[in-house]
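In: can't give you the sequence, but here's the structure:
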C-alpha cells in the first residue's frame, strides 16, 4: 500500500508548481528502483499512465473499468505446491510494478472501502489512506494542509 500512495502522490504541488517524480528519466528510474522496479522507459511510461488512471478513479472521475487496458497482458496462473493451491500473477517484466500497484488499490478498495481519497485541501494534489478508527481523516498532512485549512476558516470567521 505504501507504493500505491507513493505513486498517487508522485505529482505533488510544491510552491504552486507541479513536480513529477516520474517526469524525467533519471528521477523516474530512481523512483522505480526504490520501489522494486527496473526503471526502464517502458516501465516509467506505464507507471505514469497507471498513476493518472488511478488518480481519476480515486477522485470519482473515472470508473474502475478504466484500468482494463493496463491489465490486458496480465494473467493469474494456478500453481500446485506442497502448501496447496497458490495463484501467481504473470505480467510482462516492465508491467510488474504497475500491476502490483493496481492490485494494492484493489485490495485497499476491498478491505478498506472509501479510505483511499484525495486530500480535502483544494490546493493540494495528494492522496491519503485513512487508517483512523472513525474514518474522518481529511488531509494528507494535518501539519500542512489541515493547519492551512483551519487557519483559512478561522480567518474567514473573524473577518
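Out: Sure thing, it's come through. Model, not experiment: these values are computed from the prediction.

In: so for residue 17, what pLDDT did the model give?
Out: Listed pLDDT for residue 17 reads 88.

In: what's around it, how many residues?
Out: 7 (other CB atoms under 10 Å). Using the backbone N, CA and C atoms, a C-beta is placed for each residue, glycine as well.

In: separation between it and residue 134?
Out: 34 Å (CB to CB, to the nearest Å).

In: give me the pLDDT value at the closest residue in space to residue 13 that isn't next to it in sequence.
Out: Leaving aside its sequence neighbours, residue 13 sits nearest to residue 125 (CB to CB, 6 or more residues apart in numbering; 5.3 Å). Per-residue confidence (pLDDT) for residue 125: 89.

In: what about the strands in this protein?
Out: 13-14, 17-18, 75-81, 84-90, 116-118, 127-129 (DSSP state E).

In: make TSV out of the ones you listed and add distance to residue 107.
Out: Formatted as TSV, the strands of the chain follow (distance: least, CB to CB, whole Å):
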stretch	distance to residue 107
strand 13-14	28
strand 17-18	28
strand 75-81	14
strand 84-90	12
strand 116-118	11
strand 127-129	12
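
In: so for residue 7, which of these sits nearest?
Out: Closest of those to residue 7 is strand 127-129, at 9.6 Å (criterion: CB to CB).

In: contact partners of the closest one?
Out: Residues from elsewhere that reach strand 127-129, judged by CB atoms under 8 Å, 6 or more residues apart in numbering: 1, 4-5, 8-9, 55, 58, 108, 112, 115-119, 137, 139-140.

In: out of the residues you listed, which end up buried?
Out: 4-5, 8-9, 55, 58, 108, 116-119, 137, 139-140 (16 or more other CB atoms under 10 Å).

In: of these, closest to residue 96?
Out: Distances from residue 96 to the buried ones among the contacts of strand 127-129, taken by CB to CB, are shortest for residue 4, at 14.4 Å.
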